[in-house]
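*Asks:* with the sequence up front, the predicted model follows.
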Amino acid sequence: MPRYFTDEHEWIDVEGESATVGITDYAQEQLGDIVFVELPEVGATLDKGGDASVVESVKAASDVYAPISGEVTEVNGALEDDPALVNSSPEEEGWFFRLSISDSSELKGLMDETAYKAFVDSL
Amino acid sequence: MNAPNKSGWKPSMQVADATGDSPTTTGNRALMLEEPLLFEIGHTEVTGVDLPEIDESASTRLGGLDRSEPIGLAGMTEPETVRHYTRLSRQNYGIDLGFFPLGSCTMKHNPRLNEKVARLPGFADIHPLAPQNSVQGALEVIHELGDWLKTLTGMPAVAMSPKAGAHGELCGILAIRAAHEARGDAREVVLVPESAHGTNPATAAVAGYRVEDIPATPEGRVDVAKIKERLGPDVAAVMITNPNTCGLFEKDFRTIADAVHEAGGYVYCDGANFNAIVGRVRPGDLGVDAMHINLHKTFSTPHGGGGPGSGPVVFSEALAPFAPLPFVRRDEDSGTFELVEEEAREESRGHTFGRMTAFHGQMGMFTRALTYMLSHGADGLKQVAEDAVLNANYILRSMDDILHAPFADSGPCMHEALFGDKDFGGDLSTLDLAKGLIDEGYHPMTVYFPLVVHGAMLVEPTETESKATMDQFIAAFRSLVERAKAGDETLKQAPYFAPRRRLDETAAARKPKLAFEG
């Protein structure tokens, strides 16, 4: 299952036509303790680069953008009760939402793990 | 590491090793008293007022809305009540107690003369619905203050009613919306640079616009090329904070404004930082169409818990007809003043978008602000800006050798100096330094804003502070920076000497307790 990354510090796991999206370990570390996550509605259509979620930490509120276009098929309801999952397990249990991919060619511009690591090191 | 310091640290003083852990029976510390909640000291069977017995035979006039059971509010005697709030006030911190360098808030001294004038019965004891011929003095104050604001900004119209900065932003954007709608131009987008105040995008969204960010340049200013690239027939307005939240003057403002106007949009300027340029720059000359002015910042009316805000908005010729009602007009023949309301709307402000408030605005703030202006005079207001900028640069240049100052090479700062936590050791962060400042006897600066700087610390001394006050602050700030860079883990536990130790902000946000549970 390939994992992609964006320069907005999101990860995307692709499995067939479905993509799972979350924020990276680097992102959660920069944000600090997460206190609230606003998730998209199931069934909502997201455009690549558009607002998808809001994540709020003790320091700031930040938008999470849709890394690719698609329709939301599932959201991680566990985050509503326990937003700290984003801190403790950002790249596993702290996933945000799943999309049905509408245009798989959009994945081409994204980074793989090596490229993302080099990107973070350059910051 | 410096010895911890409870108050009034001077380099020459020896400070005892203050562990301060020996408990007292009461929990009080000398004459600093612990204060329980009202619910813990009061009792539902106690009351501080002596009311006559109820005549049981009297009929109720509450129409079935009588209280069916006691509501359980704690009662207290008058001396208990007075002491409760006085004790709490001693645990608070304000500009009257000490240096309050909260960037973007302009926490300046509120002169006592303002208070004296605001309490004159002819201003303090009048009613908004009083006949206008009985409150001519108050109307004249509103009118004259408006004239000062128009003169200082170089703009032809003013709305006095908005009640605070963000309310003023909404007022400006609603006027812009009305102006576009009046010519059938349905524009959808408002551009907001990263260096703008956080309320700007919120305002545009509330007014029904889609907000798009414009990035900042590496030197901390608006990226002019990016704005020009994005301008088009769908852009209703650009909202720019000047001076911006990086503490820098947007020197390309006129170029940006001309480009926005050419594309058919309007320019909103967030004037919250007007303190840095009052008397020196007229925003009207920069091409601004609407700008709010925080009387509670620039013109020294109380805020930060000390009083209501007030955010008058000045308008360009193009937007003046869309400004809200009511406004005060002087009849040139009789010299009398009148409040122009809806009945007169055809005559002037023919396209007004309506009202922001029920009445004319914050009278108590108007009297204070006009007193400040008259007591300083035009030359004094110019010096306010110059001293505020000088003070901020003094702090910037007293710190930039040991603390990361991301825009130190972008030229002089304006009214506030911006730092980042780049070189802190261990896992120490801006938050730890801010908590350490509390132990040193200072209200911390603004932290983690603006977002463009990692671990931002935004220090605004204002013109209020003397060199001696700033030197003492700089000594404390420098010692904390050195501790943070050395990875001094004891900072993680600060504050040590505040009425409460470090609060768990995460738990407070994740699991807030909003009701008293006895």
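*Replies:* Yep, that arrived. What you see is a predicted model, and the numbers here were worked out from it, not measured in a lab. Numbers count the residues shown, from 1 in each chain, chains lettered A, B, ... in the order given.

*Asks:* please report how far the spatially most central residue of chain A lies from B:Ala507.
*Replies:* Note on chain A: the residue nearest the mean C-alpha position is A:Gly22, at 2.7 Å, using CA atoms, centre = their mean. Noted for A:Gly22: a distance of 24 Å to B:Ala507, by CB to CB, to the nearest Å. For every residue, glycine as well, the C-beta is placed using N, CA and C.

*Asks:* could you find the closest non-adjacent residue to B:Val206?
*Replies:* If the residues on either side of it in the chain are set aside, B:Val206 comes closest to B:Leu170, at 6.3 Å by CB to CB, 6 or more residues apart in numbering or on different chains.

*Asks:* quick check: the one you found touching B:Ala205?
*Replies:* No - the pair B:Leu170 / B:Ala205 is not scored as a contact, 10.6 Å apart, by CB atoms under 8 Å.

*Asks:* which of these two has more neighbours?
*Replies:* Set B:Leu170 next to B:Ala205 and count neighbours by other CB atoms under 10 Å in any protein chain shown: B:Leu170 wins out with 22 against 14.

*Asks:* any idea how far that one is from B:Pro218?
*Replies:* B:Leu170 sits 32 Å away from B:Pro218, going by CB to CB.

*Asks:* same question for B:Asn133.
*Replies:* Distance, B:Asn133 to B:Pro218, using CB to CB: 60 Å.

*Asks:* ditto for B:Gly335
*Replies:* Distance of B:Gly335 to B:Pro218, computed by CB to CB: 56 Å.

*Asks:* comparing those two, which residue is more hemmed in?
*Replies:* When neighbours are counted by other CB under 10 Å, B:Gly335 and B:Pro218 differ, and B:Pro218 comes out ahead with 12 against 9.

*Asks:* contact residues of chain B facing chain A?
*Replies:* With the criterion set to CB under 8 Å from any CB of the partner chain, chain B comes near chain A through B:Tyr448, B:Phe449, B:Leu451, B:His454, B:Glu505, B:Thr506, B:Ala509, B:Arg510.

*Asks:* now do the contacts for the last one.
*Replies:* The contact partners of B:Arg510, by CB atoms under 8 Å, 6 or more residues apart in numbering or on different chains, come to A:Val35, A:Phe36, A:Pro83, A:Ala84.

*Asks:* so which helix or strand takes in A:Ala115?
*Replies:* A:Ala115 belongs to helix A:113-121 when assigned by DSSP states H and E.

*Asks:* next one: stretch B:469-476 to chain centre, how far?
*Replies:* Centroid separation for stretch B:469-476 versus its chain: 24 Å, with CA atoms, centre = their mean, to the nearest Å.

*Asks:* and for stretch B:171-184?
*Replies:* Centre-to-centre, stretch B:171-184 and its host chain are 26 Å apart (CA atoms, centre = their mean).

*Asks:* please apply the same query to stretch A:112-123.
*Replies:* Stretch A:112-123 sits 16 Å away from the centroid of its parent chain (CA atoms, centre = their mean).

*Asks:* ok, now stretch B:413-432?
*Replies:* Distance of stretch B:413-432 from the chain centroid (CA atoms, centre = their mean) equals 22 Å.

*Asks:* end to end, how far does that stretch reach?
*Replies:* Length of stretch B:413-432, first residue to last, CA to CA, to the nearest Å: 25 Å.

*Asks:* list the buried ones in it?
*Replies:* B:413-421, B:424, B:428-432 (16 or more other CB atoms under 10 Å in any protein chain shown).
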